[in-house]
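Sequence first, predicted coordinates after that:
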Number of protein chains: 2
Amino acid sequence: MSVHGPSRHDLLTIGQLADRSGLAASALRYYEKLGLIHATRTTGNQRRYTRGTLRRIAFVRAAQRVGLSLDEAKVALDRLPEHRAPSGAEWDGVAQSWQSRIDEQIAELERLKAKLTGCIGCGCLSLTRCSLYNAADRAGAAGPGARYLLTRDPATGPEPSGATFTG
Amino acid sequence: MSVHGPSRHDLLTIGQLADRSGLAASALRYYEKLGLIHATRTTGNQRRYTRGTLRRIAFVRAAQRVGLSLDEAKVALDRLPEHRAPSGAEWDGVAQSWQSRIDEQIAELERLKAKLTGCIGCGCLSLTRCSLYNAADRAGAAGPGARYLLTRDPATGPEPSGATFTG
DNA sequence: CTGCTACTTGAAGTCGACTTCAAGTCAAGC
DNA sequence: GCTTGACTTGAAGTCGACTTCAAGTAGCAG
């Protein structure tokens, strides 16, 4: 693997891996069941992990951060080489797709934030103008009022008469 | 509630509320069981909702967006007045705390993004420098190498000998 | 009144990501 | 060689947020 391959002292027990990864041992067994990580066994059937496993785990945790399920993480992980470092191009593809996921998530949060700011200003007193209200009334909010939808789905329909924000 | 109070035509059936809120009727019943929304009943025991319910739902969905559970959303919702519009100050408190939650979430995504960018550059070839690796090795990454942790938890411990990113 | 769809209920099921449990085995220090 | 703590297994449990189901009732058009 590296200069002289993994010696016996490069192998981690599940407890050590749990400590270093911050995951519970039970979670590591679960990851193994899903095929996200692999272990060799001692003669007594106990798991031993190489250090590379830490990087696989890091990859999986980062994947979760960008909104992937463990199954999706496995797909991405399976496309990277198992026993050597990924090439720049290999890594690039993964990283790029994650970047855009992250950007989307940030953009969505920014939109929500803008809506919230608007609501502070309006005090949610106006039914036709409150963006939080309009966000919920997917089918209802149309007509002349402003429509700032929280969701991506477009909406059409009749606009009801005014009311106040009743908690 | 507004000019002449809610007339019979201001009352929505659960199906209408489902259509307009984008939630399934089953979800609305679930929300009611949790005390997030309330309904009056017809003589035949069917639910009827006022328009204000749409705003309560909007509030809940927005709360979910900023990472609150439904129970937490209920707490926030219960602090807003039930039958009148919230004052600027009342709304302000809620909105402000959500703003900071959103800002935190954005900041965290930005950090992850920066890490990913760094990894594209390094190709994950260096164990001591790869931030994704160090992110997982919470207890292990110390010594002279750079440590960019993905998580908030600080970490200390010995730094092992080099290796490459084995998928 | 008929027929139809929308509605009612409580209980049970689902999904993802794990955790907990029970009963037994391994590894290592003294 | 004994003790202690870390490890093994499969099965079942948990949690949040709902959905699905079955069997029955309401509301309304014609």
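All right, it came through fine. Residues are numbered from 1 along each chain as shown, chains lettered A, B, ... in the order given.

Can you classify A:A89 by secondary structure?
Look at A:A89: counting by DSSP: H, G, I helix; E, B strand; the rest coil, its state is helix.

tally of neighbours for it?
8 (other Cβ atoms under 10 Å in any protein chain shown). In this view, the C-beta of every residue, glycine as well, is placed from N, C-alpha and C.

Likewise for A:G22?
By other Cβ under 10 Å, the residues close to A:G22 number 17.

Equivalent analysis for A:G44, please.
5.

ok but it is inside a helix, no?
No - per three-state DSSP, A:G44 lies outside any helix segment and is coil.

Now do it, the pLDDT please.
pLDDT for A:G44: 97.

any idea how far it lies from DNA strand D?
8 Å (Cβ to the nearest atom of the strand, to the nearest Å).

Likewise for A:L68?
The gap separating A:L68 from DNA strand D is 17 Å, by Cβ to the nearest atom of the strand.

Kindly report the same for A:A58.
20 Å.

Could you do A:G52 as well?
Going from A:G52 to DNA strand D by Cβ to the nearest atom of the strand gives 17 Å.

Then A:A114?
A:A114 is 23 Å from DNA strand D, where distance means Cβ to the nearest atom of the strand.

Tell me how many other residues crowd that residue.
Using other Cβ under 10 Å: A:A114 sits among 12 other residues.

now swap in A:R101 and tell me
Counted with other Cβ under 10 Å, residues neighbouring A:R101 total 17.

Which residue comes closest to the residue in chain A positioned nearest to DNA strand D once chain neighbours are left out?
Proximity of chain A to DNA strand D (Cβ to the nearest atom of the strand) peaks at A:G15, 2.4 Å away. Spatial nearest neighbour of A:G15, excluding adjacent residues (Cβ to Cβ, 6 or more residues apart in numbering or on different chains): A:A25 at 6.2 Å.

In stretch A:55-64, which residues are buried?
By 16 or more other Cβ atoms under 10 Å in any protein chain shown, the buried positions in stretch A:55-64 come out as A:55-63.

A:Y31 contacts A:V60, correct?
Yes - counting by Cβ atoms under 8 Å, A:Y31 touches A:V60, with 6.9 Å between them.

what residues do those two have in common as contacts?
Counting by Cβ atoms under 8 Å, 6 or more residues apart in numbering or on different chains, the common neighbours of A:Y31 and A:V60 are A:L70.

What values do phi and psi take at the residue nearest to A:G15?
phi -60, psi -40 (degrees, to the nearest 10).

what mean pLDDT would you report for stretch A:74-86?
Mean predicted confidence for stretch A:74-86 is 79.
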